[in-house]
Structure formats: structure tokens, C-alpha cells
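>>> Sequence first, then the predicted structure, then my questions.
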Amino acid sequence: MHTQIGWLDSRHTFSFAEHYDPRFMGFRALRVINEDRVAPGQGFGTHPHRDMEILSYVLEGALAHRDSMGTGSIITPGDVQRMTAGTGVLHSEFNASNASVTHFLQIWLQPDRARLEPSYEQRRFDPGTRRGRLTLVGSRDGRGGSCVIHQDVDLYSAVLERGDRVSQPIKPERFAWVQVARGSGKLNGHAVSAGDGASFASEPSFEFEADSPSDVLLFDLA
């Protein structure tokens, strides 16, 4: 699903806004993955959200964030931002540059309970620490310095060079979603490339071998 409105070029993994497909309404608690490219100096004006965990994962450029909690920040590659909309929050997201496109993933997860107090968190994960391995960047308990997500999910990031391989077992009672944010490779033997996603409902493990420089996200879900 694709939205293109001049300043915004957005690809939707799941149904979003006027794009509706009953086969793709999300996966477990994962509700939205939008791959957005925002033109220089443009962005999403102030708008409301509630009862959603919203993550921003910047691939290129810089994203300027402001919200009704008084938060103002710049999100760059290597940062993971989490905003708990909870009882309600207003926010805006703009390309922080007047010269280059900002490319980022907007991710929504349904929280484990409604009417949480709105909150904001931003963590830095240097690409060097994620290179060639899966790094925990989000979790329910915030372990290992990861962002706290109010849902039973572990979110991992890996930055890979050609030939790098990462793998992880999936417990029988768990589910997984893999999003190829950038690059290409073999996902459990299947060829995938940037923008592709895959769900795991009965596989014992996840394995990705990069055919080119890649950025991969793994969601381990209840």
C-alpha cells in the first residue's frame, strides 16, 4: 500500500488511513509499520493520538519531534524514539533538514492496557554496537538500556554487511515479525529486500544472511 502526496512518500506494511485490506490489519500487537520519506522542511503537523505505543526509527536524515508533554528532540540514525500516547497526546514530526530527505520507519504497537499516562523516551544505539549482531533496542522491562515498551515485545535491530549472518530461536509460545528496513538477503532461505516483512507463527528460529549492507528489525511478540 502506497501514499504519495508531494512532500510524503509512504509505504504501508499494514492497513493505514484510507488504505484498507482486511488481510493486513497488523500482526499480534504490531499494528502499523510505515516507511516514510519526508521532503526537506516538510512533515506531519500537530495531531492527536491515544492508546498507542509509537516508535520512530530513522534510517537517513533527521526527524524533529515536538509534543504536548513539552518534549522537543531531533531523532537521527541510531536513535530509537518511543512515545506512549496513553490518555492522549498532541505531537508533530518534521524533517529537520531543509536540504535532504528524511527516511524513517513509523511503528505502532497496541499497549498492554488502555489509558496509560503519556510519556516519551529516546535512546541512542550506535551503529557500531549493532553491527553484525542483534541488539535489543526495545522491551517491556527496559533491560540492557533498551526503550521501555508497554507491551510484551522484544525489539531487536541489526546492522549488517554483505555476508553477515544473524539468528535467534523463537520460543514455541511466541511469534515474530521481521522487517527489512534496508538492504537484501536470505530470510530463513527466502530472498527478501528492503520493505519486505515476514511473520513467524510456527518456525523454531529466525535467520538472516545479508546479500548487501542491511538494516533489519526483529519483533519477538506474545
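Cool, the structure landed.

>>> Now do the same contact list for the residue nearest to S193 when sequence neighbours are not counted.
Counting by C-beta to C-beta, 6 or more residues apart in numbering, S193 lies nearest to S184, which is 4.0 Å off, once chain neighbours are set aside. C-beta: built from backbone N, CA, C; applies to glycine. For S184, the contacting residues are 191-194, 210-212, 214, by C-beta atoms under 8 Å, 6 or more residues apart in numbering.

>>> how near is F44 to S92?
The spacing between F44 and S92, counted by C-beta to C-beta, to the nearest Å, is 6 Å.

>>> mind listing the helices for the chain?
127-130 (DSSP state H).

>>> hang on, the earlier thing: pick the one among the contacts of S184 closest to F125.
Nearest to F125 among those: S214, at 16.0 Å, using C-beta to C-beta.

>>> Bridge partners for the closest one, pull those for me.
Here S214 sits in beta bridges with L160, going by DSSP bridges.

>>> pretty sure it is in contact with Q179, am I right?
No. Counting by C-beta atoms under 8 Å, Q179 is not a contact partner of S214; they are 11.2 Å apart.

>>> For S167, grab the count of nearby residues.
11 (other C-beta atoms under 10 Å).

>>> can you tell me how far it sits from G144?
19 Å.

>>> on that earlier part again, got a quick ChimeraX command for the buried subset of the contacts of S184?
Applying 16 or more other C-beta atoms under 10 Å to the contacts of S184 leaves a buried subset, and the ChimeraX line that selects it is:
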select :192,194,210,214
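
>>> so how far does stretch 172-188 reach from one end to the other?
17 Å (C-alpha to C-alpha, to the nearest Å).

>>> roughly how far out does it sit from the chain middle?
How far stretch 172-188 lies from its chain's middle: 13 Å, per C-alpha atoms, centre = their mean, to the nearest Å.

>>> Give the buried residues for it.
Taking 16+ other C-beta under 10 Å as the criterion, stretch 172-188 shows 174-185, 187 as buried.

>>> So which of those sit within strands?
175-182, 184-185, 187 (DSSP state E).

>>> quick check, nearest of those to F200?
Distances from F200 to those, taken by C-beta to C-beta, are shortest for A176, at 3.9 Å.

>>> Give the bridge partners for that closest one, please.
F200, D220.

>>> residues contacting it?
Shown in contact with A176 (C-beta under 8 Å, 6+ apart): 170, 199-200, 203, 206, 218-221.

>>> Now do the same for it: its pLDDT.
Looking at A176, its pLDDT reads 98.

>>> what does R50 give?
R50 is given a pLDDT of 98.

>>> what's around the residue lying closest to it once chain neighbours are set aside, how many residues?
Nearest residue to R50 in three dimensions, chain neighbours excluded: G88, at 4.5 Å (C-beta to C-beta, 6+ apart). Neighbour count of G88, defined by other C-beta under 10 Å: 12.

>>> My read is that G88 contacts M52, right?
No. Applying C-beta under 8 Å, one finds G88 not in contact with M52, separated by 10.5 Å.

>>> For Q81, give me its contacts.
Here Q81 is in contact with 55-57, 65, 73, 75, 120-122, 147 (C-beta under 8 Å, 6+ apart).

>>> Farthest pair within those?
Of all pairs in those, the most separated under C-beta to C-beta is Y57 and Y120 at 15.3 Å.
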